[in-house]
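Model the following, please.
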Amino acid sequence: MPTITQAFGHGLSMDTPPPVNYQGRNITITAEMLPAFYDDEGIDKQIKIRAFDSKTGENIKNVNFLIGLNYKDKMIFRNFFFAQHGDLTIKVYPSSDSEIEITGEKEPLLGGWMDTDTKPIEVKGPIFNSGGLYHLEIAIRTIDEPDNILDEPIKYDAYISIGQTTYYDQKTKDGQDVKFRVRSYYDTITNFEYNPSENTISFEIPFDWSELNISQIPYVHEEVLFPKHFADLLANSYTGQVNGIDLFKSSISIDDYSVEDGRIVHFVILQDHLRVLRDAQKKLVICQII
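I've put the predicted structure just below:
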């Protein structure tokens, strides 16, 4: 049977951590980074944070967020941001600069950057320059009233994956050219290879198998696209492996409709399935579909 190799990630551009009880309210946040794919053109790049009561759905007013944005274990920025009505929007302008520049207006108590009708919050610097996993450390420092500083901040960790599309030109067993498209929702792919003699595809991607990391991941998702005319890889079904461990059949699905002349093989591993696979605790994940 044809072989395709896959790696997996969060597959989400949004995360909602578990709520924290505060004076009878279940307060949580939703963190979102747009677009879902960093190389999407024509879509404004933004970070959106919303604080709300998960029981009622109502926004929390006058929130001062302390937000730290981390990428590949490096902190990009850590600043206060103020949301009068509970919704925070930060416009992002990626650049090759090594420094972060934030512009906007500030509220007077903690100096949090805030949106106004005339001046939005804008961040310029090394954000959205590549796909991968972003970690947002978020602490609520004020709530309800602008001067109501909490003795103990309400803390959350949000993990958001920004997808990345890559293309690979490979050779068939007859020496013909074939192009593969891989959409990674986790991190940078390396060592992509199609082996025509074994009819397999393989690539590598970093992955942290710790319980802390897995507990933050509802599911992980990758997809591989290849032309429908490439008969060597066409099959009614596929099986897979992660670090030599067989995947559940339900983790793999075929999509012959989204791209007219292509087949997409989706790999979606649920959190419980990740726990089954975590015995293969290696820093480097190699997923092989056999």
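
partner residues bridging the closest residue to Thr56 other than its chain neighbours?
Leaving aside its chain neighbours, Thr56 sits nearest to Arg25 (7.9 Å; criterion: C-beta to C-beta, 6 or more residues apart in numbering). From N, CA and C alone the C-beta is placed, and that goes for glycine too. Going by DSSP bridges, Arg25 is paired in beta bridges with Tyr22.

Arg25 contacts Lys55, correct?
Yes: look at Arg25 against Lys55 with C-beta atoms under 8 Å: they come within range, at 6.9 Å.

of the two, who's got more company?
Arg25 (18 against 12; other C-beta atoms under 10 Å).

Now do that one, the pLDDT please.
As predicted, Arg25 sits at a pLDDT of 95.

tell me, what residue is most central in this protein?
By C-alpha atoms, centre = their mean, the mean C-alpha position of the chain lies nearest to Ser161, the distance being 0.7 Å.

And the next helix or strand past whichever strand or helix holds that residue?
Using DSSP states H and E, Ser161 sits within strand 149-162. The helix or strand immediately downstream of strand 149-162 is strand 164-171, counting by DSSP H and E.

any idea where the helices of this structure begin and end?
Applying DSSP state H to the chain gives helices spanning 211-214, 271-277.

quick one: low-confidence parts of the stretch 101-250 of the chain?
Residue ranges of the stretch 101-250 of the chain with pLDDT under 70: 186.

need the strands for it, in chain order.
Under the criterion DSSP state E, counting those that start in this stretch, the stretch 101-250 of the chain carries strands at the ranges 101-103, 105-106, 113-114, 121-125, 132-142, 149-162, 164-171, 177-184, 190-195, 200-206, 219-227, 241-242, 245-246.

Backbone dihedrals for the residue located most distally from the centre of the chain, please?
Distance from the centre of the chain peaks at Asp174, with 37.8 Å (C-alpha atoms, centre = their mean). The phi and psi torsions at Asp174 (degrees, to the nearest 10) take the values phi -90, psi 10.

Enumerate every residue touching the closest residue to Leu88 other than its chain neighbours.
In this structure, Leu88 finds its nearest non-sequential neighbour in Ile49, 4.3 Å apart by C-beta to C-beta, 6+ apart. Contacts for Ile49 were tallied using C-beta atoms under 8 Å, 6 or more residues apart in numbering; they are 29-32, 65, 67, 81, 83, 87-88, 90, 136, 138.

again, only this time at 6 Å
Going by C-beta atoms under 6 Å, 6 or more residues apart in numbering, Ile49 touches 29, 31, 88.

tell me the domain ranges of this protein?
For the chain, automatic domain parsing gives the domain ranges 14-161, 164-288.

on that earlier part again, how much space between the residue nearest to Leu88 and Thr89?
As judged by C-beta to C-beta, to the nearest Å, Ile49 and Thr89 stand 8 Å apart.

How about Ile138?
With distances taken as C-beta to C-beta, Ile138 is found 15 Å from Thr89.

Show me which of these two is the more surrounded one.
Set Ile138 next to Thr89 and count neighbours by other C-beta under 10 Å: Ile138 wins out with 22 against 17.

Look up the closest residue to that one, ignoring the ones flanking it.
Of all residues not flanking Ile138 in the chain, Tyr156 sits nearest, at 4.7 Å (C-beta to C-beta, 6+ apart).

Let me know whether that neighbour touches Pro17 as I believe.
Yes: the criterion here is C-beta atoms under 6 Å, and Tyr156 meets it with Pro17 at 4.3 Å.

Stretch 149-163: which residues count as buried?
Using 16 or more other C-beta atoms under 10 Å as the burial criterion, the residues of stretch 149-163 that qualify are 153-154, 156-163.

and which of these is nearest Ser250?
Ser161 (21.0 Å; C-beta to C-beta).

Tell me the bridge partners for the closest one.
Following DSSP bridges, Ser161 is listed with bridge partners Leu133.

how much space is there between the residue farthest from the centre of the chain and Ser197?
The gap separating Asp174 from Ser197 is 12 Å, by C-beta to C-beta.
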